[in-house]
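**Q** The following comprises the amino acid sequence and a computationally predicted model.
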2 protein chains.
Amino acid sequence: MARAATTADAFNAVAEPRRREILDVLAGGERTVSELVELLDLAQPHVSRHLRVLREVGAVEVRDAGRQRVYRLQPKALKPIHDWVSGYADLWAERFGLLDGVLDDIREQEKQDGH
Amino acid sequence: MARAATTADAFNAVAEPRRREILDVLAGGERTVSELVELLDLAQPHVSRHLRVLREVGAVEVRDAGRQRVYRLQPKALKPIHDWVSGYADLWAERFGLLDGVLDDIREQEKQDGH
DNA sequence: TCTTTGCATATCCATATGGGTATACGATGA
DNA sequence: TCATCGTATACCCATATGGATATGCAAAGA
(Lines give C-alpha, C1' and ligand atoms only; values in the text may rest on other atoms or scores of the structure.)
Protein backbone atom coordinates (compact mmCIF):
# COMPACT_ATOMS: atom_id res chain seq x y z
CA MET A 1 0.00 0.00 0.00
CA ALA A 2 2.51 2.53 -1.09
CA ARG A 3 -0.46 4.68 -1.76
CA ALA A 4 -3.93 4.30 -0.32
CA ALA A 5 -6.78 2.66 -2.19
CA THR A 6 -7.53 5.17 -4.90
CA THR A 7 -4.20 4.84 -6.57
CA ALA A 8 -5.64 5.45 -10.00
CA ASP A 9 -6.86 8.99 -9.73
CA ALA A 10 -5.72 12.17 -11.38
CA PHE A 11 -3.93 13.40 -8.27
CA ASN A 12 -1.74 10.35 -8.20
CA ALA A 13 -1.10 10.33 -11.92
CA VAL A 14 0.14 13.87 -11.72
CA ALA A 15 2.27 13.33 -8.63
CA GLU A 16 4.90 11.79 -10.86
CA PRO A 17 7.11 14.49 -12.38
CA ARG A 18 7.70 12.50 -15.56
CA ARG A 19 4.02 12.25 -16.19
CA ARG A 20 3.60 15.98 -15.77
CA GLU A 21 6.33 16.39 -18.35
CA ILE A 22 4.45 14.12 -20.72
CA LEU A 23 1.29 16.14 -20.26
CA ASP A 24 3.20 19.35 -20.76
CA VAL A 25 4.55 18.07 -24.05
CA LEU A 26 1.15 16.88 -25.19
CA ALA A 27 -0.28 20.28 -24.35
CA GLY A 28 1.67 21.41 -27.39
CA GLY A 29 -0.02 18.89 -29.64
CA GLU A 30 -0.36 15.20 -30.43
CA ARG A 31 2.73 13.01 -30.25
CA THR A 32 3.65 9.45 -31.04
CA VAL A 33 5.32 7.33 -28.40
CA SER A 34 8.67 7.50 -30.15
CA GLU A 35 8.46 11.27 -30.28
CA LEU A 36 7.83 11.34 -26.55
CA VAL A 37 10.73 8.99 -25.95
CA GLU A 38 13.00 11.32 -27.83
CA LEU A 39 11.72 14.47 -26.19
CA LEU A 40 11.77 13.14 -22.64
CA ASP A 41 15.02 11.21 -22.64
CA LEU A 42 13.27 8.22 -21.13
CA ALA A 43 13.37 4.57 -22.15
CA GLN A 44 10.48 3.56 -24.38
CA PRO A 45 8.96 1.06 -21.94
CA HIS A 46 8.86 3.72 -19.27
CA VAL A 47 7.12 6.15 -21.51
CA SER A 48 4.58 3.50 -22.42
CA ARG A 49 3.92 2.74 -18.80
CA HIS A 50 3.51 6.35 -17.84
CA LEU A 51 1.16 6.76 -20.76
CA ARG A 52 -0.83 3.83 -19.51
CA VAL A 53 -1.30 5.44 -16.12
CA LEU A 54 -2.33 8.65 -17.79
CA ARG A 55 -4.76 6.72 -19.98
CA GLU A 56 -6.28 5.01 -16.98
CA VAL A 57 -7.16 8.32 -15.40
CA GLY A 58 -8.35 9.72 -18.70
CA ALA A 59 -5.67 12.37 -18.99
CA VAL A 60 -4.61 11.18 -22.43
CA GLU A 61 -6.30 9.40 -25.30
CA VAL A 62 -4.80 7.27 -28.05
CA ARG A 63 -5.38 6.93 -31.73
CA ASP A 64 -3.91 4.30 -33.98
CA ALA A 65 -1.96 5.45 -36.97
CA GLY A 66 -0.54 2.45 -38.72
CA ARG A 67 1.96 0.91 -36.39
CA GLN A 68 2.30 4.11 -34.46
CA ARG A 69 0.10 5.25 -31.65
CA VAL A 70 -0.67 8.91 -31.39
CA TYR A 71 -1.38 10.30 -27.94
CA ARG A 72 -3.28 13.45 -27.27
CA LEU A 73 -4.14 15.38 -24.15
CA GLN A 74 -7.53 15.23 -22.48
CA PRO A 75 -7.19 18.11 -20.04
CA LYS A 76 -10.63 17.64 -18.52
CA ALA A 77 -9.25 14.74 -16.51
CA LEU A 78 -7.39 17.35 -14.49
CA LYS A 79 -10.53 19.20 -13.54
CA PRO A 80 -10.89 17.50 -10.13
CA ILE A 81 -7.44 18.75 -9.24
CA HIS A 82 -8.25 22.22 -10.40
CA ASP A 83 -11.51 22.25 -8.52
CA TRP A 84 -9.92 21.05 -5.33
CA VAL A 85 -6.96 23.38 -5.34
CA SER A 86 -8.97 26.39 -6.37
CA GLY A 87 -10.61 26.47 -2.97
CA TYR A 88 -7.19 26.94 -1.45
CA ALA A 89 -6.22 29.55 -3.99
CA ASP A 90 -9.00 31.64 -2.56
CA LEU A 91 -7.42 31.34 0.86
CA TRP A 92 -4.06 32.72 -0.12
CA ALA A 93 -5.17 35.18 -2.73
CA GLU A 94 -8.51 36.78 -2.13
CA ARG A 95 -9.42 36.27 1.48
CA PHE A 96 -6.67 38.31 3.06
CA GLY A 97 -6.04 40.77 0.32
CA LEU A 98 -2.81 42.34 -0.76
CA LEU A 99 -1.45 43.22 2.66
CA ASP A 100 -1.23 39.62 3.65
CA GLY A 101 0.80 38.85 0.57
CA VAL A 102 3.26 41.56 1.48
CA LEU A 103 3.59 40.25 5.01
CA ASP A 104 4.17 36.76 3.67
CA ASP A 105 6.91 38.03 1.42
CA ILE A 106 8.58 39.74 4.34
CA ARG A 107 8.45 36.60 6.43
CA GLU A 108 9.81 34.63 3.51
CA GLN A 109 12.64 37.09 3.15
CA GLU A 110 13.49 36.84 6.83
CA LYS A 111 13.51 33.09 6.58
CA GLN A 112 15.95 33.23 3.71
CA ASP A 113 18.14 35.66 5.60
CA GLY A 114 18.72 32.93 8.11
CA HIS A 115 16.06 33.75 10.57
CA MET B 1 12.02 4.58 -6.16
CA ALA B 2 8.31 4.26 -5.66
CA ARG B 3 8.23 7.82 -6.78
CA ALA B 4 10.91 9.71 -8.65
CA ALA B 5 13.45 11.93 -6.93
CA THR B 6 11.35 14.87 -5.82
CA THR B 7 9.22 12.86 -3.49
CA ALA B 8 8.79 15.74 -1.13
CA ASP B 9 6.87 18.19 -3.22
CA ALA B 10 3.33 19.48 -2.92
CA PHE B 11 2.07 17.31 -5.77
CA ASN B 12 3.13 14.19 -3.98
CA ALA B 13 1.89 15.32 -0.59
CA VAL B 14 -1.52 15.91 -2.04
CA ALA B 15 -1.65 12.65 -3.98
CA GLU B 16 -2.55 10.91 -0.75
CA PRO B 17 -6.31 11.14 -0.13
CA ARG B 18 -5.86 11.14 3.65
CA ARG B 19 -3.63 14.15 3.45
CA ARG B 20 -6.13 16.00 1.34
CA GLU B 21 -8.69 15.22 4.02
CA ILE B 22 -6.41 16.68 6.65
CA LEU B 23 -5.95 19.84 4.63
CA ASP B 24 -9.68 20.07 4.07
CA VAL B 25 -10.27 19.88 7.80
CA LEU B 26 -7.60 22.46 8.53
CA ALA B 27 -9.16 24.75 5.96
CA GLY B 28 -11.90 25.12 8.53
CA GLY B 29 -9.50 26.26 11.22
CA GLU B 30 -6.66 25.16 13.46
CA ARG B 31 -6.78 21.69 14.97
CA THR B 32 -4.80 19.70 17.47
CA VAL B 33 -3.54 16.26 16.53
CA SER B 34 -6.09 14.53 18.71
CA GLU B 35 -8.88 16.49 17.09
CA LEU B 36 -7.67 15.34 13.70
CA VAL B 37 -7.44 11.76 14.91
CA GLU B 38 -11.03 11.90 15.99
CA LEU B 39 -12.28 13.62 12.86
CA LEU B 40 -10.44 11.39 10.42
CA ASP B 41 -10.88 8.01 12.04
CA LEU B 42 -7.19 7.32 11.66
CA ALA B 43 -4.69 6.02 14.18
CA GLN B 44 -2.75 8.76 15.90
CA PRO B 45 0.67 7.72 14.56
CA HIS B 46 -0.69 7.84 11.03
CA VAL B 47 -2.05 11.29 11.50
CA SER B 48 1.28 12.41 12.90
CA ARG B 49 3.13 11.00 9.93
CA HIS B 50 0.82 12.54 7.39
CA LEU B 51 1.21 15.82 9.21
CA ARG B 52 4.93 15.46 8.96
CA VAL B 53 4.78 15.05 5.20
CA LEU B 54 2.53 18.07 4.98
CA ARG B 55 4.94 20.01 7.17
CA GLU B 56 7.87 19.07 4.98
CA VAL B 57 6.23 20.57 1.94
CA GLY B 58 5.09 23.60 3.90
CA ALA B 59 1.39 22.89 3.59
CA VAL B 60 0.86 23.04 7.34
CA GLU B 61 2.55 24.78 10.24
CA VAL B 62 2.63 23.87 13.90
CA ARG B 63 2.33 25.80 17.12
CA ASP B 64 2.94 24.46 20.58
CA ALA B 65 0.15 24.82 23.09
CA GLY B 66 1.14 23.12 26.29
CA ARG B 67 1.38 19.47 25.57
CA GLN B 68 -0.77 19.80 22.52
CA ARG B 69 0.36 20.76 19.07
CA VAL B 70 -1.91 22.93 17.02
CA TYR B 71 -1.71 22.58 13.26
CA ARG B 72 -2.82 25.20 10.83
CA LEU B 73 -3.04 25.38 7.08
CA GLN B 74 -0.51 27.16 4.91
CA PRO B 75 -2.33 27.19 1.60
CA LYS B 76 0.44 28.93 -0.30
CA ALA B 77 2.29 25.65 -0.46
CA LEU B 78 -0.35 24.53 -2.91
CA LYS B 79 0.31 27.38 -5.29
CA PRO B 80 2.63 25.37 -7.56
CA ILE B 81 -0.18 22.91 -8.10
CA HIS B 82 -2.64 25.64 -8.81
CA ASP B 83 -0.28 27.33 -11.21
CA TRP B 84 0.43 24.15 -13.09
CA VAL B 85 -3.12 22.95 -13.40
CA SER B 86 -4.47 26.36 -14.32
CA GLY B 87 -2.74 26.14 -17.66
CA TYR B 88 -4.81 23.07 -18.40
CA ALA B 89 -7.97 24.67 -17.12
CA ASP B 90 -7.54 27.17 -19.92
CA LEU B 91 -7.47 24.32 -22.41
CA TRP B 92 -10.77 22.85 -21.39
CA ALA B 93 -12.57 26.01 -20.43
CA GLU B 94 -11.62 29.10 -22.34
CA ARG B 95 -9.90 28.02 -25.49
CA PHE B 96 -12.77 26.22 -27.14
CA GLY B 97 -15.64 28.10 -25.65
CA LEU B 98 -19.04 26.81 -24.76
CA LEU B 99 -19.66 24.74 -27.88
CA ASP B 100 -16.83 22.43 -27.07
CA GLY B 101 -18.28 21.76 -23.66
CA VAL B 102 -21.58 20.83 -25.22
CA LEU B 103 -19.87 18.46 -27.63
CA ASP B 104 -17.97 16.89 -24.78
CA ASP B 105 -21.18 16.34 -22.89
CA ILE B 106 -22.73 14.66 -25.92
CA ARG B 107 -19.73 12.38 -26.32
CA GLU B 108 -19.85 11.58 -22.65
CA GLN B 109 -23.52 10.75 -22.91
CA GLU B 110 -22.90 8.46 -25.88
CA LYS B 111 -20.16 6.70 -23.98
CA GLN B 112 -22.51 6.09 -21.07
CA ASP B 113 -25.17 4.80 -23.44
CA GLY B 114 -22.81 2.03 -24.33
CA HIS B 115 -21.17 3.63 -27.29
C1' DT C 1 8.68 13.00 42.06
C1' DC C 2 5.43 9.84 39.93
C1' DT C 3 1.69 9.35 36.78
C1' DT C 4 -0.96 10.58 32.99
C1' DT C 5 -1.73 12.83 28.70
C1' DG C 6 -0.60 14.21 23.86
C1' DC C 7 2.23 13.58 20.29
C1' DA C 8 6.35 11.99 17.55
C1' DT C 9 9.14 8.37 16.20
C1' DA C 10 10.84 3.56 15.46
C1' DT C 11 10.05 -0.89 13.72
C1' DC C 12 7.74 -4.49 11.09
C1' DC C 13 5.10 -5.93 7.25
C1' DA C 14 2.93 -5.68 2.76
C1' DT C 15 2.58 -3.59 -1.38
C1' DA C 16 2.76 -0.13 -5.10
C1' DT C 17 5.80 1.57 -8.18
C1' DG C 18 9.87 3.46 -10.94
C1' DG C 19 13.86 2.17 -13.57
C1' DG C 20 16.25 -1.51 -16.44
C1' DT C 21 16.09 -5.20 -19.69
C1' DA C 22 13.99 -8.73 -22.41
C1' DT C 23 10.28 -10.02 -25.02
C1' DA C 24 5.73 -10.35 -27.25
C1' DC C 25 2.74 -8.54 -30.72
C1' DG C 26 0.57 -6.11 -34.48
C1' DA C 27 1.39 -3.44 -38.69
C1' DT C 28 4.16 -2.52 -42.62
C1' DG C 29 7.21 -3.67 -46.26
C1' DA C 30 10.30 -6.82 -48.93
C1' DT D 1 6.03 -15.50 -45.58
C1' DC D 2 9.82 -13.26 -43.31
C1' DA D 3 12.15 -9.23 -41.44
C1' DT D 4 11.65 -4.84 -39.33
C1' DC D 5 9.61 -1.15 -36.92
C1' DG D 6 6.77 0.90 -33.15
C1' DT D 7 4.63 -0.20 -28.84
C1' DA D 8 3.03 -2.65 -24.99
C1' DT D 9 3.89 -5.90 -21.56
C1' DA D 10 6.44 -9.05 -18.47
C1' DC D 11 9.99 -9.60 -15.20
C1' DC D 12 13.46 -8.30 -11.86
C1' DC D 13 15.27 -5.29 -8.43
C1' DA D 14 15.37 -1.48 -5.20
C1' DT D 15 12.95 1.58 -2.63
C1' DA D 16 9.29 4.59 -0.87
C1' DT D 17 5.46 4.37 1.76
C1' DG D 18 0.95 3.27 4.25
C1' DG D 19 -1.03 0.79 8.03
C1' DA D 20 -0.28 -1.50 12.73
C1' DT D 21 1.87 -1.60 17.03
C1' DA D 22 5.21 -0.36 20.53
C1' DT D 23 7.79 3.03 22.57
C1' DG D 24 10.06 7.52 23.67
C1' DC D 25 9.46 12.03 25.49
C1' DA D 26 7.93 16.46 27.07
C1' DA D 27 4.22 18.89 29.54
C1' DA D 28 0.79 19.01 33.06
C1' DG D 29 -1.22 17.46 37.24
C1' DA D 30 -1.41 14.73 41.64
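**A** Great, that's in hand.

**Q** quick one: the strands in chain A?
**A** Along chain A, the segments classed as strands by DSSP state E run A:31-32, A:60-65, A:68-73.

**Q** and the ones you listed, which is most packed in?
**A** Comparing these by mean neighbour count (mean count of other Cβ atoms under 10 Å in any protein chain shown), strand A:31-32 ranks first with a mean of 18. Using the backbone N, CA and C atoms, a C-beta is placed for each residue, glycine as well.

**Q** Please work out the average pLDDT along that strand.
**A** When pLDDT is averaged along strand A:31-32, the result is 97.

**Q** so how far is it off the chain centroid?
**A** 18 Å (Cα atoms, centre = their mean, to the nearest Å).

**Q** does DNA strand C sit close to it?
**A** No. Strand A:31-32 does not reach DNA strand C (Cβ under 7 Å from any atom of the strand); its nearest approach is 12.5 Å.

**Q** In terms of secondary structure, what does that strand contact?
**A** With contacts taken as 3 or more Cβ pairs under 8 Å, 6 or more residues apart in numbering or on different chains; DSSP states H and E, strand A:31-32 sits against strand A:68-73.

**Q** The strand it packs on relative to strand A:60-65, how many degrees between them?
**A** Angle of strand A:68-73 versus strand A:60-65, following axes from the mean of the first three to the mean of the last three Cα atoms, to 10 degrees, is 150 degrees.

**Q** partner strands of strand A:68-73, parallel or antiparallel?
**A** strand A:31-32 (antiparallel), strand A:60-65 (antiparallel) (DSSP bridges).

**Q** ok, residues contacting stretch A:71-91?
**A** In this structure, residues lying in contact with stretch A:71-91 by Cβ atoms under 8 Å, 6 or more residues apart in numbering or on different chains are A:9-11, A:14, A:23, A:26-27, A:29-33, A:36, A:51, A:57-63, B:14, B:20, B:23, B:27, B:73, B:75, B:78-79, B:81-82, B:85-86, B:88-89, B:91-92, B:104.

**Q** again but with stretch A:33-43, I slipped
**A** Stretch A:33-43 has contacts (Cβ under 8 Å, 6+ apart) with A:18, A:21-22, A:25, A:31, A:44, A:47-48, A:50-51, A:68-69, A:71.

**Q** shaky segments in chain A?
**A** Residue ranges of chain A with pLDDT under 70: A:1-7, A:94-115.

**Q** Show me it divided up by domain.
**A** According to automatic domain parsing, chain A comprises the domains A:10-77, A:79-112.

**Q** so who does residue A:64 touch?
**A** residue A:70.

**Q** Let me fix that, I meant to ask about residue A:44.
**A** Listed by Cβ under 8 Å, 6+ apart, the contact set of residue A:44 reads A:33-34, A:37.

**Q** So which of the contacts of stretch A:71-91 are in helices?
**A** Using DSSP state H, the subset of these located in helices is A:10-11, A:14, A:23, A:26, A:33, A:36, A:51, B:14, B:20, B:23, B:79, B:81-82, B:85-86, B:88-89, B:91-92, B:104.

**Q** Now, of these, which are buried?
**A** The neighbour count (16 or more other Cβ atoms under 10 Å in any protein chain shown) marks A:10-11, A:14, A:23, A:26, A:33, A:36, A:51, B:14, B:20, B:23, B:81-82, B:85, B:88-89, B:91-92 as buried among these.
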